[in-house]
Structure formats: C-alpha cells, structure tokens
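A.B. asks: show me how the following folds:
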Amino acid sequence: MSNLDGYSFNGFNLYLYCGNNPINYIDPDGNKPKWWQWLLFGIGAVLVVAAASVLIAASAGAAIGGIVGAIALGTAKGALIGATVGTVAGGIIGGAVSGWSLEGILTGIVTGFGIGAVVGAVIGGAAGYMNYGNFSSSASLESHFTKHGSEFGELYKNSSQFAKGAKYIARNGQKVTYIYKGKKTIGYIKFFGNLGKANYAFVGMNGTKVATFGIRSVKELIRLGISIFSI
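C.D. replies: Just a heads-up that it's a prediction; the model follows:
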C-alpha cells in the first residue's frame, strides 16, 4: 500500500481521521464530527419557528380543526417544550462533562436544543393524535353516559365502552360543521339504524375534546345546521 494512500492509517495523510474534510469534521476528542450538532440545531430551529407559527395562528382564531389540527398543535407544543427542556438539560450536561467550560456548555445547549425539539415534536404529535376524541374529564364522561348511553340500546355496557364509541366516531365518522351557541363547531356523524329509524351517532367537539355524544335524528341534525342535510 502506498505511503501516500489517503485511506491508509500508515500513510502521510494528516486528514484521514476526518475523512479528508477538516472543515466540516472537526473532532478534537476523536469521537465525532461537529456538523451533526449544527444539523440538529437547524432542524430544531425550523421546528420551533413552525411551532410558534401554528400556536400564534391558533390563538388568533385560525381554523385548525379535526385530528390533523390536534396533531399539529400537539407537535407544536411538544417542540417548544422539548426545545426548552433540551436547552437547559444540554447546557448542564455539556458543562458537567467538560469541567464547566464555555465551549462545553454551548455545545450542550446547541445539541440539547435540537434533540429536545425533535423528540418533543414527535411525542407531542403522538399525544395529540392519541388524545383526540377523549372526553374532557371523567365527570363529563359519566354524565354523558348516564344521559345518552341508553340511546344506543345495549351497545355500550359501561362508560369506558361509551368513551371508546365516541372516539371511534370522531376518528371514523363524517366530519361536519354546525352552529352551537352561535359558534361554528366541528362534529362527526355516522349512520346508526336504530329500530328501523334513520338516526345518526353524533359527536360534537369542543376543540380536541368530546363535548357531546348521542343519537340524533335527521331532523335534529338539520336543526343544528349541518349542511349535508340542508335543503
């Protein structure tokens, strides 16, 4: 093997340790290149900016509804929380392992920010998806089950089954809009033939939570202003 061979550890190529790229692959400890830290920081920055935009739009009243909206909001909140926690934790860890050198602290902050934003976005988005279609509280669930559970005949034996039924309609029903207390609201309907009547299982939403769940006739749905039944 030639002494000038760039791929030989026995050669004279002093930049072999960094893949012949000493600009992007700075590795003073002999462990890893630096570019990946800045890549994580860049991805984190994009996520945080996008998250802030989503939350600002939502607070301004922009329509971010349905399960897609729930995932978007969950991702946005998760990215911001993750970036904050990651920045603090990364700075502490980076400082501790470097003897509290400024470079170590800054490196930890940059790395923690990026990793925190990415991990937080993933967890937040997953949580937004999983929680969409839940009742706001156990008290609300029990109250609705007591009031509307019997409308489904023997389908739901307890409040837990009732809650799963509401989530199923919210995930698989037809998305509609209706007016409730003068406000345009999202809901979901699915045909439910009960005793030969053309009724629909109806879920009304309040943000990402179930506000009501029960059986509605076509006449009742028309009264709510649901457009697919309007004449």
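A.B. asks: and Leu155, which of the three is it?
C.D. replies: Look at Leu155: counting by DSSP: H, G, I helix; E, B strand; the rest coil, its state is coil.
A.B. asks: so it sits right up against Ala166, yeah?
C.D. replies: No - with contact defined as Cβ atoms under 8 Å, Leu155 does not count as touching Ala166 (11.9 Å). (C-beta placed from N, C-alpha, C; glycine too.)
A.B. asks: and the two? Which one has more around it.
C.D. replies: Neighbours per residue (other Cβ atoms under 10 Å) separate Leu155 from Ala166, with Ala166 holding more: 29 against 14.
A.B. asks: can you tell me how far that one is from Gly225?
C.D. replies: 21 Å (Cβ to Cβ, to the nearest Å).
A.B. asks: all strands of the chain, in order?
C.D. replies: 134-135, 174-180, 183-194, 197-206, 209-217 (DSSP state E).
A.B. asks: pull the CA atoms of the second one into PDB?
C.D. replies: Read it as strand 174-180. Only the C-alpha atoms of strand 174-180 are listed here, as PDB (Å, rounded to 0.1, in the frame of the first residue of the first chain):
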ATOM      1  CA  GLN A 174     -68.100  12.000   8.600                       C
ATOM      2  CA  LYS A 175     -66.800  15.400   9.600                       C
ATOM      3  CA  VAL A 176     -69.400  18.100   9.700                       C
ATOM      4  CA  THR A 177     -69.800  21.700  11.000                       C
ATOM      5  CA  TYR A 178     -72.700  23.000  13.000                       C
ATOM      6  CA  ILE A 179     -73.700  26.000  15.000                       C
ATOM      7  CA  TYR A 180     -73.700  25.700  18.800                       C
END
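A.B. asks: which parts of that strand are buried?
C.D. replies: Residues 176, 178 are the ones in strand 174-180 that count as buried (16 or more other Cβ atoms under 10 Å).
A.B. asks: sheet partners, orientation included, of that strand?
C.D. replies: If you go by DSSP bridges, strand 174-180 pairs up with strand 183-194 (antiparallel).
A.B. asks: please work out the angle formed by the directions of the strand it pairs with and strand 197-206.
C.D. replies: Relative orientation of strand 183-194 versus strand 197-206 (axes from the mean of the first three to the mean of the last three Cα atoms, to 10 degrees): 150 degrees.
A.B. asks: go through strand 183-194 and flag the buried ones.
C.D. replies: Buried residues in strand 183-194 (16+ other Cβ under 10 Å): 185-189, 192.
A.B. asks: quick one: it to strand 209-217, angle?
C.D. replies: 50 degrees.
A.B. asks: which strands and helices lie in contact with the longest helix belonging to the chain?
C.D. replies: Determined from DSSP state H, the single longest helix within the chain is helix 66-97. Counting contacts by 3 or more Cβ pairs under 8 Å, 6 or more residues apart in numbering; DSSP states H and E, helix 66-97 packs against helix 35-59, helix 102-131.
A.B. asks: show me how far the shortest one is from its chain's centre.
C.D. replies: Going back to what we said before, that points to helix 35-59. Averaged C-alpha coordinates place helix 35-59 at 14 Å from its chain's average position (Cα atoms, centre = their mean, to the nearest Å).
A.B. asks: on contacts alone, who are the packing partners of that helix?
C.D. replies: In terms of contacts (3+ Cβ pairs under 8 Å, 6+ apart), helix 35-59 is packed against helix 66-97, helix 102-131.
A.B. asks: okay, Ile67: pLDDT?
C.D. replies: Ile67 carries a pLDDT value of 86.
A.B. asks: much appreciated, bye for now.
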